[in-house]
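A.B. asks: one predicted model, sequence on top.
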Amino acid sequence: MKIYNTLTRRKEEFEPIHPGEVRMYVCGPTVYNHIHIGNARTFISFDVIRRHFINSGYKVTFVSNLTDVDDKIINRANEEGRTAAEVAEEYSNAFIDAMDAVGVMRPTVRPRATQEIDAMIETIQMLIDNGHAYESGGDVYFNVRSDNHYGVLSGRTVDEMISGTRFDVDPRKHDALDFALWKAAKPGEPYWDSPWGKGRPGWHIECSSMSAKYLGQPFDIHGGGLDLVFPHHENEIAQAECSRGTKFCNCWMHCGMLLVDSEKMSKSLGNFLLLKDVLQSVDARVLRILMLQTHYRSPLDYSKERLDEATSSFERISTTLRNVEWECSHAQVDASDGASDDASAKALLDKIEAVKKRYVEAMDDDFNTAAALGEVFSLVGDANAFISGGLDSQAKVDAAKAAGDAIFDLMGRFGIDMTDKPQEDEWPVELLGLASEMAGYSGDNTKEAAQALLDARAAARKSKDFATADKIRDCLTNLGFTVEDTAAGARLIF
Ligand SMILES: [Zn+2]
């Protein structure tokens with residue numbers, strides 16, 4: 001398996017530290033607001049990556065935090081006259097619900113910063129003891145110039161950082177480059193006791209401490225959005241390596257940005273899309289298909305057109321699966337034909353194996369989801385062509401079933417459950433009245449009522465009473481159904 005490593009700027013063969021295991025950490029959200037779809041892209045991408053490791057036989061330990069104490073949370077709480085803990089609780093729950101809604105597997109461990117303060121104090125103390133950090137006026141700062149490797153991830157030198165960045169000139173800092181590990185509490189802010197007085201941790205120290213605690217150091221993969229490379233991930237490396245004296249992690253993976261209509265999302269442009277709002281009108285599986293069509297490291301352009309394309313892609317797959325199921329369960333098979341060798345069935349089975357193999361090859365090549373999805377679509381095309389030729393032998397039925405199963409399984413590996421809800425659950429109850437009137441049906445089951453109507457229509461057609469047959473069809477159409485006549489009989493599509 002090859003993975004692009006931001007640290008070395010090239011694709012490398014993945015070699016786990018512990019054979020058969022992957023230990024990975026992905027920076028979670030700061031819970032002061034609902035997440036936008038750019039954040040969602042990062043979490044969905046790493047969910048697909050995690051699933052591929054699992055499907056490849058690895059045991060995966062996946063740690064992803066909640067940053068539940070931060071300036072942004074405190075500011076929001078002050079604006080709304082609430083406590084920071086209340087704000088953090090609300091948006092932590094909202095985040096977890098949103099991740100469940102888009103099918104992101106829950107992390108093995110989801111540490112909350114406010115529950116892990118001891119681990120952070122321990123790391124900060126190690127940094128002070130090692131001469132890489134200093135206390136100043138109740139704050140503790142990391143001394144950037146004490147770290148010869150600083151800049152290793154972002155590829156910037158310390159002097160470039162000074163000229164390219166605006167720093168706040170806090171008089172407590174010895175150097176403008178230094179960053180806070182611990183912040184003394186201001187009046188009214190949440191605080192914890194520490195050797196340096198009452199205060200709270202800086203953002204960067206959280207991830208260094210929680211990853212070391214739950215994964216050990218070094219661990220295999222650290223991930224996040226591309227916007228975290230500098231300064232967050234650079235600072236995580238500095239803290240982790242200067243405190244514990246070992247490499248932090250082997251591989252850094254970063255997910256590209258999400259654009260809306262080719263523009264950067266921003267509140268002023270009015271194109272700032274929250275995940276929860278998008279999910280009001282978009283099936284989470286469609287959103288995932290849209291995201292899979294772009295490589296995780298590339299910028300992803302979200303637009304109405306791309307959403308429409310993803311919707312039709314999803315419908316094409318689900319229609320194919322439904323048709324395969326229908327044709328297999330209604331096939332007219334000559335029983336004496338069971339053992340016959342069927343060349344077209346054999347060809348389809350060979351294609352399924354080839355698709356599965358190429359799917360894995362694509363995913364093994366730095367998680368090329370677009371190519372892997374292309375393989376699934378190629379099999380969808382073959383399955384459609386195959387069933388349209390009719391399933392007149394058991395070998396053909398078995399091959400068609402195998403194709404449907406493979407499509408279902410490969411989509412499932414992406415985290416897309418193609419299970420078709422029983423449509424009858426949503427069928428209108430008006431079917432009962434219609435079936436009572438036109439087909440003499442007296443029960444209360446919509447599926448039976450629909451079948452009674454189809455039977456009545458078939459009987460009318462057989463006796464050349466086309467007026468009645470058409471009337472039944474028109475009534476069904478008015479209820480929102482399409483009547484499809486197939487070789488194996490009529491069926492309703494709602
Ligand atoms: Zn982080």
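C.D. replies: The structure has been received and is ready for your questions.

A.B. asks: Cys475: neighbouring residues, count only.
C.D. replies: 18 (other Cβ atoms under 10 Å). C-beta: built from backbone N, CA, C; applies to glycine.

A.B. asks: interface residues of the stretch 101-250 of the chain facing the ion?
C.D. replies: Cys207 (Cβ under 5 Å from the ion).

A.B. asks: just the helices in the stretch 101-250 of the chain please.
C.D. replies: 117-129, 158-164, 203-215, 234-244 (DSSP state H, counting those that start in this stretch).

A.B. asks: lowest-confidence stretch among these?
C.D. replies: Looking at the helices of the stretch 101-250 of the chain, the lowest mean pLDDT belongs to helix 158-164 (a mean of 72).

A.B. asks: circling back: between the helices of the stretch 101-250 of the chain, which gets nearest to Glu86?
C.D. replies: Nearest to Glu86, of all the helices of the stretch 101-250 of the chain, is helix 117-129, at 18.9 Å by Cβ to Cβ.

A.B. asks: so which bits of the closest one are buried?
C.D. replies: 117, 119-121, 123-128 (16 or more other Cβ atoms under 10 Å).

A.B. asks: got a list of contacts for it?
C.D. replies: By Cβ atoms under 8 Å, 6 or more residues apart in numbering, the residues outside helix 117-129 that reach it are 113, 133-135, 140, 142, 181-182, 192, 194-195, 200-201, 205-206, 208-210, 212-213, 239-240, 242-244.

A.B. asks: excluding its backbone neighbours, what's nearest Ser45?
C.D. replies: Tyr296 (4.2 Å; Cβ to Cβ, 6 or more residues apart in numbering).

A.B. asks: check which helix or strand covers the one you found.
C.D. replies: Following DSSP states H and E, there is no helix or strand that holds Tyr296.

A.B. asks: from the ion, how far out is Asp366?
C.D. replies: Distance of Asp366 to the ion, given as Cβ to the ion, to the nearest Å: 22 Å.

A.B. asks: Ile3 is in contact with that residue, correct?
C.D. replies: Yes. Assessed by Cβ atoms under 8 Å, Asp366 is found in contact with Ile3 at 5.6 Å.

A.B. asks: ok and the residue in the stretch 251-400 of the chain nearest the ion?
C.D. replies: Nearest residue of the stretch 251-400 of the chain to the ion: Trp252, at 11.5 Å (Cβ to the ion).

A.B. asks: domain ranges for this protein?
C.D. replies: 14-281, 301-413, 423-493 (automatic domain parsing).

A.B. asks: about what we covered before: closest one to Ala354 among the helices of the stretch 101-250 of the chain?
C.D. replies: Among these, the nearest to Ala354 by Cβ to Cβ is helix 203-215 (37.4 Å).

A.B. asks: can you pull the poorly scored residue ranges out of the stretch 51-200 of the chain?
C.D. replies: 163-168 (pLDDT under 70).

A.B. asks: pick the most buried one from the domains of the chain.
C.D. replies: Comparing those by mean neighbour count (mean count of other Cβ atoms under 10 Å), domain 14-281 ranks first with a mean of 19.

A.B. asks: how far out from the middle of the chain is that domain?
C.D. replies: Relative to its chain's centre, domain 14-281 lies at 19 Å (Cα atoms, centre = their mean, to the nearest Å).

A.B. asks: and the residue nearest to Ser45, how many neighbours?
C.D. replies: Quick note: Tyr296 (other Cβ under 10 Å) scores 25 neighbours.

A.B. asks: who touches it in this structure?
C.D. replies: 45, 48-49, 255-256, 367, 369.

A.B. asks: thinking again about what came up before, next, the residue of the stretch 251-400 of the chain closest to the ion: phi, psi?
C.D. replies: Torsion angles at Trp252 (phi, psi; degrees, to the nearest 10) stand at phi -110, psi 120.

A.B. asks: I'd say it and Arg9 touch.
C.D. replies: No. The pair Trp252 / Arg9 is not scored as a contact, 10.1 Å apart, by Cβ under 8 Å.

A.B. asks: circling back: contacts only, for the residue of the stretch 251-400 of the chain closest to the ion.
C.D. replies: Going by Cβ under 8 Å, 6+ apart, Trp252 touches 5-7, 153, 221-223, 233.

A.B. asks: joint contacts of Asp366 and Ile3?
C.D. replies: Lys11.

A.B. asks: returning to what we had before: could I get the contacts of Tyr296 as TSV with pLDDT?
C.D. replies: Listed next are the contacts of Tyr296 as TSV, based on pLDDT from 0 to 100:
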residue	pLDDT
Ser45	98
Val48	98
Ile49	98
Cys255	98
Gly256	97
Phe367	98
Thr369	98
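
A.B. asks: taking those one by one, which sit in strands?
C.D. replies: Among the contacts of Tyr296, DSSP state E puts Cys255 in strands.

A.B. asks: phi and psi next, for Thr61.
C.D. replies: Per-residue torsions, Thr61: phi -100, psi 120 (degrees, to the nearest 10).

A.B. asks: which residues pair with it across the strands?
C.D. replies: Applying DSSP bridges to Thr61 gives these bridge partners: Arg23.

A.B. asks: so what's it up against?
C.D. replies: 21-24, 108-109, 214-215.

A.B. asks: distance-wise, check it relative to Asn78.
C.D. replies: Distance of Thr61 to Asn78, computed by Cβ to Cβ, to the nearest Å: 37 Å.

A.B. asks: would TSV of the domains of the chain with distance to Leu290 be doable?
C.D. replies: As requested, those are exported to TSV (distance: least, Cβ to Cβ, whole Å):
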stretch	distance to Leu290
domain 14-281	10
domain 301-413	4
domain 423-493	24
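
A.B. asks: for Ile289, which of these is the nearest?
C.D. replies: Nearest to Ile289, of all the domains of the chain, is domain 301-413, at 4.5 Å by Cβ to Cβ.

A.B. asks: first to last residue in the closest one, what's the distance?
C.D. replies: 24 Å (Cα to Cα, to the nearest Å).
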